[in-house]
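Colleague: Please work out how this folds:
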Amino acid sequence: MIKIRGAAVGAGLVLGCSAAPGEHPGSTSSDYGVAGGCSQINQTFDGYPAFAGPYDGCSWEGNVYSPDGYNTNSSGAGKLTDTAGYQCVELAVRYFYFRWGVNFTQSIPNAASMCNQSGAGFSVLGSSYTPVPGDLIVMNTNFFAGSGHVAVVDGASGGNVTVTEQNAGHGGHHTYSLGTLLSLNQLGCFIHANANSGGNLALFVRGTDNQLYQQSWTSTTGWTSFQPLGGFLASGPAAVSWAPGRIDVFARGTDDTLIHAWWNKGTGWEGWESLGGQILDTPAVSSWAPGRLDVFAQGYDHQLAHIFYDNGWSSWEALGGQIVSGPGAVSWGPGRIDVFAEGTDWQLYHKWYQSNWSDWEALGGQIIGSPAVTSWGPGRLDVFASGTDNQLYHLWYQSGWSSWEGLGGTLFAPPGAVSRAPNSIDVFVIGANEEIYHKGYSNGWSGFEDRNGQSLFQPGASSW
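Modeller: Got it, this is the predicted structure:
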């Protein structure tokens with residue numbers, strides 16, 4: 001058993017940005033540079049105001065400026081194709097850019113067309129998806145005079161979705177029945193930002209009895225105690241969430257095959273299932289969209305091995321290299337995967353997929369064991385590893401690779417890491433005393449916090 005002691009705007013179009021993705025601009029009309037005309041705030045959600053539009057009794061139309069002085073309503077990629085003031089799409093584009101760092105790169109002739117968007121940092125989801133606050137709900141052309149509608153979800157319960165919206169005649173806030181929208185064939189899609197994890201954390205460790213254990217954190221409950229989930233593991237766990245309310249966990253089984261368990265909110269845990277292969281060490285998993293999983297492991301031949309799920313499991317494939325640790329893997333957007341591992345010379349090596357697989361590149365350092373990697377948005381990578389002095393080390397990518405930095409500690413096992421929001425990272429390590437510790441980043445690093453449990457193996461973490 002585990003030992004418990006206690007418990008955009010379009011790409012390239014942002015000019016003079018004064019608010020980084022994830023930061024809240026002001027909530028008054030003056031912050032939005034409205035030069036006269038309608039500037040009435042009907043509703044504010046998450047720090048972002050919804051203004052009155054033509055259907056709210058405001059006839060003013062024209063250009064609309066966000067806090068960075070950028071016109072979010074002129075023609076061009078990711079914006080409206082007219083100058084109709086505070087239409088519904090203006091709020092959706094503005095909110096997703098400033099809150100989640102998402103750039104919509106296709107033109108938007110009407111609200112319904114937002115379901116045709118594709119790109120990095122978000123997923124377009126169907127009617128079976130259960131929305132969470134911060135998503136967009138999009139109605140199709142059967143709604144609202146053939147143009148559709150889009151609104152920001154601020155709550156979902158009992159088959160109803162409450163929204164903050166512009167230009168719908170509801171005063172900026174309304175409740176829609178999903179059943180009614182479906183019966184009238186008016187529901188188009190939901191759009192979920194990858195960075196909108198809901199802030200929930202799930203920490204997974206292999207206990208001293210080789211079972212899987214979970215400890216969770218939410219903003220309402222705080223940290224729970226560790227709970228046993230069964231299984232018999234021969235490695236640390238790897239975990240990922242492909243959408244809110246879903247977690248997948250992988251590990252090496254006692255016969256050296258890959259084993260898999262999964263959790264759905266409402267139905268609970270299922271598994272374990274064996275997915276074959278002959279693997280060494282802790283596997284890694286990433287997801288670039290709901291229903292997609294990519295799992296990586298060190299094979300018996302020390303090559304990188306890969307298996308994926310997309311409406312069914314693929315066969316195993318070898319991706320080359322000579323690695324001496326389990327890998328770390330992450331996706332920063334659809335069609336992109338970054339994989340890291342320790343090479344035979346103790347350096348960190350990197351291989352990525354974008355339409356096809358790259359060669360391996362050496363990133364230096366002197367590491368011991370499996371690296372961990374996370375991403376808080378497109379174009380950002382944060383890699384963590386145990387150095388030869390057993391300290392925690394950090395390397396990051398943003399328009400180029402940083403130098404390695406030491407973050408202290410004395411590690412007994414490789415780290416695990418996850419990001420639940422822009423500019424936020426949670427790292428979990430096993431200390432020299434076999435205690436589980438947590439170190440967080442939010443515009444600066446915290447100290448190491450004891451998570452009141454013990455393990456001997458690399459932890460896994462997910463945010464959902």
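
Colleague: Distance of the residue nearest to residue 106 when sequence neighbours are not counted relative to residue 125?
Modeller: Nearest residue to residue 106 in three dimensions, chain neighbours excluded: residue 117, at 5.5 Å (C-beta to C-beta, 6 or more residues apart in numbering). C-beta here means a position set from N, CA and C on the backbone, and glycine is covered the same way. Distance of residue 117 to residue 125, given as C-beta to C-beta, to the nearest Å: 12 Å.

Colleague: Over to residue 458?
Modeller: In terms of C-beta to C-beta, residue 458 sits 32 Å off from residue 125.

Colleague: Neighbour count: those two, which is higher?
Modeller: residue 458 (29 against 19; other C-beta atoms under 10 Å).

Colleague: Give the residue spans of the stretch 1-150 of the chain that score low on pLDDT.
Modeller: Low-confidence segments of the stretch 1-150 of the chain (pLDDT under 70): 1-42, 53-85.

Colleague: quick one on the thing from earlier: list residues touching both of residue 117 and residue 125?
Modeller: Here residue 117 and residue 125 share the contacting residues residue 191, scored by C-beta atoms under 8 Å, 6 or more residues apart in numbering.

Colleague: contacting residues around residue 141?
Modeller: Contacts of residue 141 by C-beta under 8 Å, 6+ apart are 110, 112, 147, 148.

Colleague: Format the residues you listed as JSON lines; extra columns: neighbour count and secondary structure.
Modeller: Output for those, formatted as JSON lines (neighbours: other C-beta atoms under 10 Å; DSSP: H, G, I helix; E, B strand; the rest coil):
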{"residue": "110", "neighbour count": "20", "secondary structure": "coil"}
{"residue": "112", "neighbour count": "23", "secondary structure": "helix"}
{"residue": "147", "neighbour count": "17", "secondary structure": "coil"}
{"residue": "148", "neighbour count": "22", "secondary structure": "coil"}
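
Colleague: Next, count neighbours for residue 127.
Modeller: Using other C-beta under 10 Å: residue 127 sits among 11 other residues.

Colleague: partner residues bridging the closest residue to it other than its chain neighbours?
Modeller: Residue nearest to residue 127 in three dimensions, not counting chain neighbours: residue 187, with 5.3 Å by C-beta to C-beta, 6+ apart. Beta-bridge pairing of residue 187 under DSSP bridges involves residue 139.

Colleague: ok, residue 187 - contacts?
Modeller: 127, 137, 139, 140, 178, 181.

Colleague: next one: residue 407
Modeller: Here residue 407 is in contact with 384, 391, 392, 393, 394, 427, 439, 445 (criterion: C-beta under 8 Å, 6+ apart).

Colleague: Buried members of these into ChimeraX, please.
Modeller: Restricted to buried positions by 16 or more other C-beta atoms under 10 Å, the ChimeraX selection for those reads:
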select :384,392,393,394,427,439
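
Colleague: Switch the contacts of residue 407 over to a markdown table; also include secondary structure, distance to residue 369 and pLDDT.
Modeller: Formatted as a markdown table, the contacts of residue 407 follow (DSSP: H, G, I helix; E, B strand; the rest coil; distance: C-beta to C-beta, whole Å; pLDDT from 0 to 100):
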| residue | secondary structure | distance to residue 369 | pLDDT |
| --- | --- | --- | --- |
| 384 | strand | 11 | 98 |
| 391 | coil | 13 | 97 |
| 392 | strand | 12 | 97 |
| 393 | strand | 12 | 98 |
| 394 | strand | 15 | 98 |
| 427 | strand | 14 | 97 |
| 439 | strand | 17 | 95 |
| 445 | strand | 21 | 95 |
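
Colleague: now, which of the contacts of residue 407 sits nearest residue 227?
Modeller: residue 427 (21.7 Å; C-beta to C-beta).

Colleague: quick one, strands of the stretch 151-300 of the chain?
Modeller: Assigned by DSSP state E, counting those that start in this stretch, the strands in the stretch 151-300 of the chain fall at 160-164, 173-177, 187-193, 201-206, 212-218, 222-223, 227-228, 238-243, 246-252, 258-264, 268-274, 279-286, 292-299.

Colleague: Identify whichever of those lies nearest to residue 368.
Modeller: strand 279-286 (12.3 Å).

Colleague: buried set for that closest one?
Modeller: In terms of neighbour count (16+ other C-beta under 10 Å), strand 279-286 has its buried residues at 279, 280, 281, 282, 283, 284, 285, 286.

Colleague: Convert stretch 114-131 to CSV, retaining C-alpha atoms only.
Modeller: Output of stretch 114-131 as CSV, limited to C-alpha atoms (Å, rounded to 0.1, in the frame of the first residue of the first chain):
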residue,chain,number,x,y,z
MET,A,114,-17.1,29.0,-36.4
CYS,A,115,-17.7,25.2,-36.4
ASN,A,116,-15.5,25.1,-39.5
GLN,A,117,-12.5,26.6,-37.7
SER,A,118,-9.3,24.5,-37.4
GLY,A,119,-5.9,25.3,-35.9
ALA,A,120,-3.8,25.1,-32.8
GLY,A,121,-4.9,25.5,-29.2
PHE,A,122,-8.6,24.4,-29.5
SER,A,123,-10.9,21.6,-30.4
VAL,A,124,-14.3,21.7,-32.2
LEU,A,125,-16.6,19.2,-30.5
GLY,A,126,-20.0,17.7,-31.3
SER,A,127,-23.3,17.7,-29.5
SER,A,128,-22.4,14.7,-27.2
TYR,A,129,-19.7,16.8,-25.5
THR,A,130,-20.6,18.3,-22.1
PRO,A,131,-19.4,21.9,-22.1
